[in-house]
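Novice: Sharing a model that was predicted from the sequence below.
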Amino acid sequence: MRNSIIFFTLILLVSCGTDPKTQQYNQSEKLQVAVVNYPLYYFAQKIGGDLIQLEFPIPGDIDPAYWIPGDKALTAYQSADIILSNGADYAKWMKNVSLPASRIHNTSGAIEEKYIKLRESGSHSHGPDGEHEHAGYAFTTWLDFKIALTQAKAVKDILLNKLPENKNELDENYNSLKTELLLLNELMTKASDLIGDQFIIGSHPVYQYLAQAYDLHIHSVHFEPNEMPSENQWIEFDQLLEKYPSGIMLWEDNPLPEVKEILNSKGIQIIVFNPCGNKPESGSFIEIMNMNIKTLENILNQ
């Protein structure tokens, strides 16, 4: 009889075990955190440090906004304890796959009223990402460094919910990141003062939040760094330039030398302002953004 009681007691203990995916995190393993872009990877890495295991299975030559996961990459997201999304229509693939909704956290949810609705739509094909569409909302939210700070705080709060015993460490790490982002905001504000009312041409429609946050007049075309624009694209560019005379053009990366030569002949100076949606070949998110701002200031001070 006594053996039977012990047996059934063991069964009850096993059956009442908590699910680490739905209950508070099991500390015997690292918290698995999957992210959809590099800014969120950087924020989570800076805040979570060694407390978490980050999953970011997107190849370096792909824009994460238009990437579609294969089976292996999808499994990494499906098995994560936390999935950090960007919001604002970023990573549309998430709507078309089976993901545990309770583990998805929109890091920009607190500022949805600041989402920028796109005025244009339509598909175009270019680069390794193939054909994609610009429609719905602009999604490079982190180029407004105040929004980036909101997203970083959301990451901290999400991690804290799972790791309450590590509050001091998470708070300290977040405050360090907060200082970095506030400094970026200060530097970009000063750069915008130098720009004033000048028109700026964007090589691609990815700078909407930068323009909104820092009162910049940016008007974009659809040029790609590794492609020569078509004749029609050059005609449209000249029409845009006639309407919004400008001497500077923001690019996500350096354009082809022959494209740069044509732009220089039109009196346009190239400024690489990398949105940093994916991991850079070298440097960190903060370093790349500092470089972006410094390059902009150098051109303006010439």
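Specialist: On my side now, so go ahead.
Novice: Please list all residues in contact with Ala91.
Specialist: Ala91 sits next to 36-37, 64-65, 67, 85 when contact means CB atoms under 8 Å, 6 or more residues apart in numbering. The way it works is simple: take the backbone N, C-alpha and C, and place the C-beta from them, glycine included.
Novice: Okay, and which of those map to helices?
Specialist: The members of those all map outside helices under DSSP state H.
Novice: Tell me which two in those are the farthest apart.
Specialist: Largest separation among those by CB to CB: Trp67 and Ser85, giving 13.4 Å.
Novice: Pull out the buried positions in stretch 213-229.
Specialist: 213-214, 216, 218-225, 229 (16 or more other CB atoms under 10 Å).
Novice: Let's have these in JSON lines, adding secondary structure.
Specialist: JSON lines is the format used below for the buried residues of stretch 213-229 (DSSP: H, G, I helix; E, B strand; the rest coil):
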{"residue": "Ala213", "secondary structure": "helix"}
{"residue": "Tyr214", "secondary structure": "helix"}
{"residue": "Leu216", "secondary structure": "coil"}
{"residue": "Ile218", "secondary structure": "strand"}
{"residue": "His219", "secondary structure": "strand"}
{"residue": "Ser220", "secondary structure": "strand"}
{"residue": "Val221", "secondary structure": "coil"}
{"residue": "His222", "secondary structure": "coil"}
{"residue": "Phe223", "secondary structure": "coil"}
{"residue": "Glu224", "secondary structure": "coil"}
{"residue": "Pro225", "secondary structure": "coil"}
{"residue": "Pro229", "secondary structure": "coil"}
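Novice: now those residues in a markdown table, with distance to Lys46?
Specialist: Formatted as a markdown table, the buried residues of stretch 213-229 follow (distance: CB to CB, whole Å):
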| residue | distance to Lys46 |
| --- | --- |
| Ala213 | 21 |
| Tyr214 | 23 |
| Leu216 | 27 |
| Ile218 | 28 |
| His219 | 34 |
| Ser220 | 30 |
| Val221 | 34 |
| His222 | 33 |
| Phe223 | 33 |
| Glu224 | 31 |
| Pro225 | 28 |
| Pro229 | 38 |
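Novice: how's the protein carved up into domains?
Specialist: Residue ranges for each domain of the chain read 23-166, 179-300, as given by automatic domain parsing.
Novice: TSV please, covering these and showing mean pLDDT.
Specialist: Output for the domains of the chain, formatted as TSV (pLDDT from 0 to 100):
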stretch	mean pLDDT
domain 23-166	89
domain 179-300	97
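Novice: Would you tell me which of the ones you listed gets closest to Glu172?
Specialist: Nearest of these to Glu172, taken as CB to CB: domain 23-166 at 9.4 Å.
Novice: show me the contacts for the residue lying closest to Glu112 once chain neighbours are set aside.
Specialist: The spatially closest residue to Glu112, leaving aside those adjacent along the chain, is Gly87, at 7.1 Å (CB to CB, 6 or more residues apart in numbering). By CB under 8 Å, 6+ apart, the contact list for Gly87 reads 106-109, 112, 115, 139, 141.
Novice: Just these: which are in helices?
Specialist: Counting by DSSP H, the contacts of Gly87 contribute nothing to helices.
Novice: Between those residues, which sits nearest Lys260?
Specialist: Comparing these against Lys260 with CB to CB places Phe139 closest, at 27.5 Å.
Novice: who's in contact with that closest one?
Specialist: For Phe139, the contacting residues are 65, 86-90, by CB under 8 Å, 6+ apart.
Novice: what comes up buried for the longest helix belonging to the chain?
Specialist: When the chain is parsed with DSSP H, its longest helix is helix 167-195. Neighbour counts over helix 167-195 (16+ other CB under 10 Å) mark 169-170, 173-174, 177-178, 180-181, 184-185, 187-188, 191-192, 195 as buried.
Novice: now, the most widely separated pair of these?
Specialist: Greatest spatial distance among these (CB to CB): Glu169 and Ile195, at 39.4 Å.
Novice: circling back: got a winner among the contacts of Gly87 for most neighbours?
Specialist: Using other CB atoms under 10 Å as the neighbour test, the contacts of Gly87 are led by Thr107, with 29 neighbours.
Novice: do you know how far that one is from Val35?
Specialist: For Thr107, the distance to Val35 equals 9 Å [CB to CB, to the nearest Å].
Novice: picking up where we left off before, of the contacts of Phe139, closest to Ile235?
Specialist: For these, the nearest to Ile235 is Ala65 (27.7 Å; CB to CB).
Novice: separation between that closest one and Glu180?
Specialist: The spacing between Ala65 and Glu180, counted by CB to CB, is 24 Å.
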